[in-house]
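Visitor: give the three-dimensional model of this entry:
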Amino acid sequence: MEEQYEKKITWTIKNFSSLPSDKICSDNFVVGDSKWRLVAYPKGHGDSLNKSLSLFLAVADSESLPYGWKRDTKYRQTVVNQTSEKLSQQKVGKPWFNQNCVSWGFQSMVPLTELLDINGGFLVNGEIKIVAEVGVLEVVGKSDVLEETSLVNESIDVNGFQVLPSQVESVKSLFIKHPDIASQFRPKNPHLRTAYLNSILSLSESLCQSPEELSNADLANAYCTLTCVTKAGFKLDWLEKKLKEIGEARLQEIEEELKDMKQTCVDMETLLVFLR
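Guide: Sure, this is the predicted structure:
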């Protein structure tokens, strides 16, 4: 069964080959009562200096956490091959973060010779794409900063749905483009309504990515989410159309790969007959 994570972050690093710094950081994101960020060393770090891309997950608010804090996590990071998904480089781990270990990752993620190869698929239009999936299994020592922040981030009503301030523009835009999206949605529980809406926002964001960035597991999860929210009463014809287009294109790719495999088998059988 596919491993599930709480948060999935896509980080695009532009002008990778000409970055002025040996170390760069992503924007902060929140998972499991902590702020996190990705840290990359484009020219390598430690034993991998000038050999491989080094990539780490770091606790961004470690200084504000109480004495004795710990975070038990699971983490998967992928350097995306933008021309062939199966060539993407992926590594996983289940580290504990604490005061003595505020970052964790891999010094040797992808050899620089492969990463910078213009025909290799990792570097496209000067950009490298990284996907990080993070789950927090246990929290010891809560973040006072995040608790204070959560009090400030009071929900706002948009078309009968309670959303965070950061989501207001996205939700308003959604209802402007698709005014009848929730015309048949009946649940009254505000938490349930919010959960369904968040699923739609996440689904829409996923399907707006380049098809090459979506794995077969991503497509399967998208189909399950779409089925669930559609049964609840949402009208999502445009997302269903988008998912079908991506699915049909992926199916065609799989069929072509199978044809190539069959042809290879035929060629091998012909060779064996010749050798005999």
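Visitor: for Ser183, give me its contacts.
Guide: By CB atoms under 8 Å, 6 or more residues apart in numbering, the contact set of Ser183 is Lys235. Glycine gets a C-beta too; all of them are placed from N, C-alpha and C.
Visitor: for it, grab phi and psi.
Guide: With angles defined as degrees, to the nearest 10, Ser183 sits at phi -60, psi -20.
Visitor: distance of it relative to Lys235?
Guide: Remark: distance between Ser183 and Lys235 (CB to CB, to the nearest Å) = 7 Å.
Visitor: same question, Asn216
Guide: Plainly put, Asn216 is 27 Å away from Lys235 if you go by CB to CB.
Visitor: and Ala58, by the same measure?
Guide: Between Ala58 and Lys235 the distance is 42 Å, computed by CB to CB.
Visitor: care to break this structure down by domain?
Guide: With automatic domain parsing as the criterion, the domains of the chain are listed as 7-147, 155-251.
Visitor: so which of the ones you listed is the most surrounded?
Guide: Per-stretch averages of neighbours, counted by mean count of other CB atoms under 10 Å, single out domain 7-147 among these, with a mean of 17.
Visitor: and it, how far from the chain's centre?
Guide: For domain 7-147, the separation from the chain centroid amounts to 12 Å (computed by CA atoms, centre = their mean, to the nearest Å).
Visitor: mean confidence for stretch 72-82?
Guide: For stretch 72-82, the mean per-residue pLDDT is 93.
Visitor: surely Val139 and Val31 touch.
Guide: No: if you go by CB atoms under 8 Å, Val139 and Val31 don't touch, sitting 10.2 Å apart.
Visitor: quick one: the strands in the chain?
Guide: Taking DSSP state E, the strands of the chain run over residues 7-13, 24-25, 29-31, 34-41, 52-59, 70-79, 89-93, 96-98, 103-111, 128-140, 156-158, 161-163.
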